[in-house]
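A.B. asks: this is a predicted model, with the sequence first.
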Amino acid sequence: MVNIEKEKNKDQNHLLISSVQRHIEKIKKGGGNKKIEKLHQQGKLTARERIRYLIDENTEFYELGTFAAFEMYQEYGGCPSAGVVMGIGKVAGRRVILVANDATVKAGAWFPMTCKKNLRAQEIAIENRLPIIYLVDSAGVFLPMQDEIFPDKEHFGRIFRNNARLSSMGIPQISAVMGSCVAGGAYLPIMSDEALIVKGTGSIFLAGPYLVKAAIGENVDKETLGGAETHSEISGVTDYIAESDKDCLDQIKSIMGNMGILTKSHLERSNPVSPSLHSKTLLEEFPEHRTTPYDSYRILNSIIDSDTFTEYKAKYGKTIICGYAKIDGWHVGIVMNNRSRIKTKKGEMQFGGVIYSDSADKATRFILNCNQKKIPLVFLHDVTGFMVGSRSEHGGIIKDGAKMVNAVANSTVPKISVIMGNSNGAGNYAMCGKAYDPRFIFAWPMAQIAVMGGEQAAKVLLQIEQSKQDYNEEESNKRLEELKKKYADETSAYYAAARLWVDEIIDPEKTRDWISLSLEVAQNSEIEKFNPGVIQT
């Protein structure tokens, strides 16, 4: 018999997923077909074509930050994917992080979000001891916004600082100069461990021919100044010279294939088992409206391996689900907000998705256990925050919440976060939001990230405005709708992904695949000794 409510949920969620896919298709065109054709006429591949050629056959490229700069920089015509393609792929059998400038977007120039995205790629490499490959084709800093790119701690110079840190940690960096590489940007490939350059299209110089003419009066052409033969035969700046894009990428494959053993696994994995419920269950169970309760256990059982869940303190602190499980064979600890209607032993109703004192206490203890046993943590968010009101305050909700936040902050095991629905207020922090250093953080299309729910926030803002000026009923209703729309836009998954608060918006049905990939990448990093700090229990 057809369940009408589940069919409605599935249809609505399919619409959201389809919308994400349509945006991705447009984003992947970069600067558009004309710019792509121009690159091809120069004998060059696009950024995504280069990556597809470089990675091993019949393997997938897991792109991250696809929505970076989404609907930003409109005054300059936009900057799809922040003008750089970044993600995880397999080259010569090894997982690597790949970073490729998209020369169809403002000639690969660096916008503020381009810088942030490159820094995120290096952060992933550092945290997971992952080799990093740069495919360079960039005009350098986007000058109209240089004040937001050049001087600060998390700006352009941090890229080169990270180049040095990666090298000192023994994490391989390979750079291929496949187009322009100018000014400060010239340091990136040369601070890498090995650098390649493509004849005829690759060039490296601190100042181009026009600036050289203006600065010292010298007339020099681009190839003589900093072309492939100059840097391979005269300056010795580059290590390898290539005849074409494909030749260059083939040489990278060869270099990667000749590497020794870099790391060893630090995470446990058993033989994978399929979930007990089909992945489509996610779409059927997850409701259209963010306040509607649902069966969180059915969501969980469509992600984890069948019959592997051992629930921790099942009858205590019921608004958070904690337990040991396996995901695609990987041994993990699960911390998940429970969005069911919950009845306590005293007959009271608790709000699903709200963290109460007992739930925070349970989660804290479980997180400590996982760190002691070196089990990575998977956080599944649908949290509206911590419980408020006099009863909760008198019961010490702030103290109990602080314990949980402390445990998350000091965790040394890999942490993977998936924001399924709400991720509000301090609940975002307690569930390992972006500020708490998850190795990877993903969002479903229906995710909402904010200090509080949109309805509540709009009403609070309206009350503040009304305290300063009088609104009649019609004006009040109109202003409330305006505030709700603004807040809805700023809490959406797109808004978060545009600013890299999340690494990627993912199809809910592929949640298991993304978590498995994240753990495969994280397995090579050593787990530090756990020191929880002061947690009063």
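C.D. replies: On my side now, so go ahead.

A.B. asks: so in this protein, where's the weakest helix or strand by average pLDDT?
C.D. replies: Ranking every helix and strand in the chain by mean pLDDT, DSSP states H and E puts strand 349-350 at the bottom, with a mean of 68.

A.B. asks: what element comes up after that strand heading to the C-terminus?
C.D. replies: For strand 349-350, the following helix or strand on the C-terminal side (DSSP states H and E) is strand 354-355.

A.B. asks: name the helices or strands packed onto that next one?
C.D. replies: Counting contacts by 3 or more Cβ pairs under 8 Å, 6 or more residues apart in numbering; DSSP states H and E, strand 354-355 packs against strand 385-386. C-beta coordinates here come from the backbone N, C-alpha and C atoms, glycine included.

A.B. asks: any idea of the mean pLDDT in the strand it packs on?
C.D. replies: Taken as a whole, strand 385-386 has a mean pLDDT of 84.

A.B. asks: residues contacting the helix or strand just after that strand, please?
C.D. replies: Sequence-wise, the next helix or strand downstream of strand 385-386 (DSSP H and E) is helix 390-394. Here helix 390-394 makes contact (Cβ atoms under 8 Å, 6 or more residues apart in numbering) with 356-357, 386.

A.B. asks: for those, which one is nearest residue 256?
C.D. replies: residue 386 (47.1 Å; Cβ to Cβ).

A.B. asks: so what's that closest one bridging to?
C.D. replies: residue 355 (DSSP bridges).

A.B. asks: what is the burial count for it?
C.D. replies: A total of 23 residues lie near residue 386 under the criterion other Cβ atoms under 10 Å.

A.B. asks: that one contacts residue 402, doesn't it?
C.D. replies: No - the pair residue 386 / residue 402 is not scored as a contact, 10.2 Å apart, by Cβ atoms under 8 Å.

A.B. asks: and which of the contacts of helix 390-394 is nearest to residue 69?
C.D. replies: Closest approach to residue 69 among these (Cβ to Cβ): residue 386, at 32.9 Å.

A.B. asks: can you pull out the helices in the stretch 351-500 of the chain?
C.D. replies: Secondary structure of the stretch 351-500 of the chain (DSSP state H, counting those that start in this stretch): helices at 357-373, 390-394, 397-410, 425-430, 454-466, 473-490, 493-498.

A.B. asks: name the helices or strands packed onto the first one?
C.D. replies: With contacts defined as 3+ Cβ pairs under 8 Å, 6+ apart, helix 357-373 has these neighbours: strand 320-327, strand 330-337, helix 397-410.

A.B. asks: out of everything not next to it in sequence, what's closest to residue 490?
C.D. replies: Closest residue to residue 490 apart from its sequence neighbours, by Cβ to Cβ, 6 or more residues apart in numbering: residue 450 at 7.2 Å.

A.B. asks: thinking again about what came up before, and the helices of the stretch 351-500 of the chain: which comes nearest residue 131?
C.D. replies: When the helices of the stretch 351-500 of the chain are compared by Cβ to Cβ, helix 493-498 sits nearest residue 131, at 25.5 Å.

A.B. asks: which helix is the longest one in the chain?
C.D. replies: Counting residues, the longest helix found in the chain (DSSP state H) is helix 4-27.

A.B. asks: got the contact list for that one?
C.D. replies: Against helix 4-27 from outside (Cβ under 8 Å, 6+ apart): 66-67, 70, 80-81, 280, 282-288, 445-446, 494, 505, 507-508.

A.B. asks: from these, list just the buried residues.
C.D. replies: Neighbour-count burial within those applies to 66-67, 70, 80-81, 282-287, 445-446, 494, 505, 507-508; the criterion is 16 or more other Cβ atoms under 10 Å.

A.B. asks: which of the helices and strands packed on helix 357-373 is buried the deepest?
C.D. replies: Among the helices and strands packed on helix 357-373, the stretch with the highest mean neighbour count (mean count of other Cβ atoms under 10 Å) is strand 330-337, at a mean of 24.

A.B. asks: what's the following helix or strand after it?
C.D. replies: Next helix or strand after strand 330-337 toward the C-terminus (DSSP H and E): strand 342-343.

A.B. asks: direction included, what does that following strand pair against?
C.D. replies: Strand pairing (DSSP bridges) places strand 342-343 next to strand 349-350 (antiparallel).

A.B. asks: who wins for proximity to residue 211 among the helices and strands packed on helix 357-373?
C.D. replies: Comparing the helices and strands packed on helix 357-373 under Cβ to Cβ, the one sitting nearest is helix 397-410, at 46.8 Å.

A.B. asks: how far off strand 320-327 does that closest one point, in degrees?
C.D. replies: Angle of helix 397-410 versus strand 320-327, following axes from the mean of the first three to the mean of the last three Cα atoms, to 10 degrees, is 20 degrees.

A.B. asks: so which elements touch helix 397-410?
C.D. replies: Against helix 397-410 (3+ Cβ pairs under 8 Å, 6+ apart) you get helix 357-373, helix 425-430.
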